[in-house]
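Asker: coords below, sequence missing:
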């Protein structure tokens, strides 16, 4: 027993495992099945995966759920456009519930609300993807608790421990306020106008709304009862989602809302305990995001200077050759990092089209700017996969990277299949995937000190260096760290799951393979 624990401690504390360690045996087994997609899928489904840091809440929901919720609400569907609208349903609109007895209508709704069969839609993957959100948006109303429950349950089934979800509570009220105040080129004056017009009151209501949605999620999942769904164990936090394709007054107001809800000025707005920062969303190639990109970077720079502790992650470089003119590919990632102070970048696909990409890569590595890698999304929206994807360049230079789902419901994927793409499409090995899982929690915006004194090579802090994740009792120093840090608690949980996986689940997988190799044909 002592030898097993010692091997686990070595795997937890060292970047390069001893050849006989559980981690090393697991890595060897992974290598032996990397060309067998069926065994690889089983292995990756059981593998611990850390956190999902790039996940749009509404996009994480499968079309079948939206259809069920819309039918229960009495919503309607246009049989030609497949857009949903509220009832009553007058011709030519049909009740969504008709889809339950009309297989053709049901199939059309699933295809319209997701990337299923997009190749037959007459649209590009890019256009079909972004059209889905407007088609099913009616079904989102009043269902945030259900959406949280669904994505939490799925995350648990994928052996994740944490999610940062892009979501905008109170978004409609925020936009109404923005329109009533209008635009002002002086950011300071505009900020004061919005505050005087009642933005703090709107955000207080939004925070209360989010608490109610979380309570509803817990009720759906039966949290705190003997029947609790595994999804109850997923820690969900939020990033305020800013729609960068709207008018300037809307964008500034939403950015300010994200800053204030994340704790920018507690004297104005009580910080929402689960709102950790903000992100700018919508396609970068659309007219307004391209035209207003410089002023949006300045908005973020202004508010970051006033409130430097608020976390910022930005969609940047979700572009490919031909989607915009060549000069539109040269600066989005750099400006997001250098002007807007982004701590993480979402996608970063056009990195090698940036001006001086090698310089920028090394700058991001030196500043520890992480990239949220969304392989399925980049493939179906941009047509970028395999060696065309810059993931290998980020890894080569030492830029932190982690896999994420982006919009798993719309893409009809999950975290396991993101890892499968990583292994098959990007040729990642087990240790690289494990490092990505750890990186996801190291760069999560959840507060507290890290479990790692070296967050790139994952060398554990001295307080817990002699403790084995998952084993008890723990040393006093390690207990004190874990009790004081939400981040360290999540990281410790992930390490415990890796110990269990590498000692038990992986060992069970290795045994049949070993027996097969030793078996001799009958004489």
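Answerer: Good, I have the coordinates. The structure presented is a predicted model; accordingly, all values stated were derived computationally and were not measured.
Asker: low-confidence ranges in the stretch 151-300 of the chain?
Answerer: Under the criterion pLDDT under 70, no range of the stretch 151-300 of the chain is flagged.
Asker: And the helices in it?
Answerer: 171-181, 187-196, 199-220, 248-261, 287-291, 293-306 (DSSP state H, counting those that start in this stretch).
Asker: Now distance to residue 161 and mean neighbour count too, for the ones you listed, in CSV please.
Answerer: For the C-beta atoms, the positions are set from N, CA and C on the backbone; glycine is no exception. Below are these laid out as CSV (distance: least, Cβ to Cβ, whole Å; neighbours: other Cβ atoms under 10 Å):
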stretch, distance to residue 161, mean neighbour count
helix 171-181, 28, 17
helix 187-196, 37, 16
helix 199-220, 17, 18
helix 248-261, 24, 26
helix 287-291, 33, 15
helix 293-306, 29, 18
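Asker: Quick one: those as CSV, columns for distance to residue 409 too.
Answerer: What follows is the helices of the stretch 151-300 of the chain, written out as CSV (distance: least, Cβ to Cβ, whole Å):
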stretch, distance to residue 409
helix 171-181, 19
helix 187-196, 33
helix 199-220, 16
helix 248-261, 23
helix 287-291, 23
helix 293-306, 27
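Asker: do you know which of those helices lies nearest residue 42?
Answerer: Judged by Cβ to Cβ, the one of these that comes nearest to residue 42 is helix 199-220, at 29.0 Å.
Asker: That closest one packs against which elements?
Answerer: helix 144-157, helix 171-181, strand 235-243, helix 248-261 (3 or more Cβ pairs under 8 Å, 6 or more residues apart in numbering; DSSP states H and E).
Asker: Distance from the chain centre to it, please.
Answerer: 21 Å (Cα atoms, centre = their mean, to the nearest Å).
Asker: what's that helix in contact with?
Answerer: The contact list for helix 199-220 (Cβ atoms under 8 Å, 6 or more residues apart in numbering) reads 144-146, 148-149, 152, 167, 169-171, 173-174, 177, 223-224, 232, 236, 238, 253, 256-257, 260-261, 268-270, 272, 274-275.
Asker: follow-up on the earlier one: out of the helices of the stretch 151-300 of the chain, nearest to residue 74?
Answerer: Going by Cβ to Cβ, the one of the helices of the stretch 151-300 of the chain nearest residue 74 is helix 199-220, 20.0 Å.
Asker: Turn the helices and strands packed on helix 199-220 into JSON lines, columns for distance to residue 43.
Answerer: Listed next are these as JSON lines, based on distance: least, Cβ to Cβ, whole Å:
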{"stretch": "helix 144-157", "distance to residue 43": "15"}
{"stretch": "helix 171-181", "distance to residue 43": "40"}
{"stretch": "strand 235-243", "distance to residue 43": "25"}
{"stretch": "helix 248-261", "distance to residue 43": "38"}
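Asker: just so I know, which of those lies nearest residue 296?
Answerer: Nearest of these (Cβ to Cβ): helix 248-261, 6.0 Å.
Asker: packing partners for the closest one?
Answerer: With 3+ Cβ pairs under 8 Å, 6+ apart as the test, helix 248-261 has helix 171-181, helix 187-196, helix 199-220, strand 235-243, strand 275-281, helix 293-306 packed against it.
Asker: any idea how far residue 53 is from residue 497?
Answerer: 18 Å (Cβ to Cβ, to the nearest Å).
Asker: Also residue 455?
Answerer: 15 Å.
Asker: Which of those two has more residues huddled nearby?
Answerer: residue 53 (29 against 17; other Cβ atoms under 10 Å).
Asker: which ones are touching that one?
Answerer: So residue 53 contacts 164, 313, 344, 370, 372, 402, 404, 440, 443, 444 (Cβ under 8 Å, 6+ apart).
Asker: So which of these are in strands?
Answerer: 164, 313, 344, 370, 372, 402 (DSSP state E).
Asker: Relative to residue 334, which of the helices and strands packed on helix 248-261 is closest?
Answerer: Short answer: helix 293-306, nearest of those by Cβ to Cβ, at 10.2 Å.
Asker: Does the residue most central in space within the chain lie in a helix or a strand, and which?
Answerer: When Cα atoms, centre = their mean is applied to the chain, the residue found nearest the centroid is residue 54 (2.1 Å). Per DSSP states H and E: residue 54 is located in strand 50-56.
Asker: again, but for residue 410
Answerer: helix 408-411.
Asker: rewinding a little: and the residue nearest to the centre of the chain, how far is that from residue 67?
Answerer: 26 Å.
Asker: repeat for residue 399
Answerer: 40 Å.
Asker: low-scoring stretches of the chain, by residue?
Answerer: 1-20, 505-523.
Asker: Would you map out the domains in it?
Answerer: 2-33+447-513, 63-113, 144-442 (automatic domain parsing).
Asker: Who are the contact partners of residue 426?
Answerer: Counted by Cβ under 8 Å, 6+ apart, residue 426 has contacts 375, 386, 389, 391, 392.
Asker: in the helix or strand just after the strand holding residue 54, what's buried?
Answerer: Using DSSP H and E, the helix or strand that follows strand 50-56 in sequence is helix 63-72. By 16 or more other Cβ atoms under 10 Å, the buried positions in helix 63-72 come out as 63, 65, 66, 67, 68, 69, 70, 71.
Asker: nearest to residue 319, of the residues you listed?
Answerer: residue 63 (26.8 Å).
Asker: any idea how far the spatially closest residue to the closest one that is not a sequence neighbour is from residue 472?
Answerer: Excluding the flanking residues, the one nearest residue 63 by Cβ to Cβ, 6 or more residues apart in numbering is residue 113, at 3.7 Å. In this view, residue 113 and residue 472 are 46 Å apart by Cβ to Cβ.
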